[in-house]
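Asks: Pasted the sequence and its predicted model underneath.
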Amino acid sequence: PTPSAFRAPAAVAIAIDGLVYLVDCPSGVAGQLVRAGFRLDQLSQLFITHNHSDHVIDAGNLMVLAWGSGLKKPVTLHGPPPLNQIVTRSLAASSYDTAVRMREEGRPPLNPLVKVHEFSAAGVIYQDARVKVTCALVDHYTVKPAFAFRFDTATRSVVVSGDTTYSDDLVRLATGADLLIH
């Protein structure tokens, strides 16, 4: 979690049919997405592995920056409690700025574009026409719950885990996947 001149905190963007499914929102993730060639209005779904700051600190900020960059469709952030509280408070911290931008730039309200889906158990947590996302609980010592995610598309499967020690559940989730990012 300590800022470094030599690396960025971990986040994984999975692009499917022009949409971005993002795992984790560390500090600076918006800039990293732009450097990687993504537009912030391409965000579709965000998935948080656990609530350590280096995985969630920019969740609300990313939504404000995406909205300021032209986001017009709702984005859902999926993750363990208290994700809703984290996002709500972060958006509240930016309420002065969002009110000014709505007034001066004619932007639509931000809050209706931000949805939060909290969960605490393993299983399928999201599905659309492009992807099915399944999660497994992993062992991150005293941080509970902590998750890994499996993204199954018509052509491939990608598993992304946050911080964990050895986990039989992660092994089962990743079995048969094309790529494991851990």
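Replies: Everything's here; your move. Residues are numbered from 1 along each chain as shown.

Asks: quick one, what contacts the residue sitting nearest the centre point of the chain?
Replies: The centre of the chain sits closest to residue 46, judged by CA atoms, centre = their mean, with a distance of 2.9 Å. Listed by CB atoms under 8 Å, 6 or more residues apart in numbering, the contact set of residue 46 reads 21, 22, 23, 25, 59, 62, 75, 76, 77, 78, 79. Any C-beta I mention is one placed from the backbone N, CA and C, and that applies to glycine too.

Asks: in the sheet, who's paired with the first one?
Replies: When bridges are called by DSSP bridges, residue 21 pairs up with residue 14, residue 45.

Asks: now the residue of the chain most remote from its centre: how far from residue 39?
Replies: Ranked by distance from the centre of the chain (CA atoms, centre = their mean), the top residue is residue 104, with 29.3 Å. Residue 104 sits 22 Å away from residue 39, going by CB to CB, to the nearest Å.

Asks: do residue 4 as well
Replies: Residue 4 is 26 Å from residue 39, by CB to CB.

Asks: Between the two, tell me which one has more neighbours.
Replies: The neighbour comparison of residue 4 against residue 39 (other CB atoms under 10 Å) goes to residue 39, with 14 against 8.

Asks: what sits against the more buried one?
Replies: Neighbours of residue 39 in contact, by CB under 8 Å, 6+ apart: 69, 70.

Asks: Swap in 7 Å and give it another go.
Replies: residue 69 (CB atoms under 7 Å, 6 or more residues apart in numbering).

Asks: Just the element for residue 149, please.
Replies: Using DSSP states H and E, residue 149 falls within strand 147-152.

Asks: actually residue 96, sorry about that
Replies: Going by DSSP H and E, residue 96 is part of helix 95-105.

Asks: What average pLDDT does the helix or strand just after that helix get?
Replies: The helix or strand immediately downstream of helix 95-105 is strand 114-118, counting by DSSP H and E. The average pLDDT within strand 114-118 is 98.
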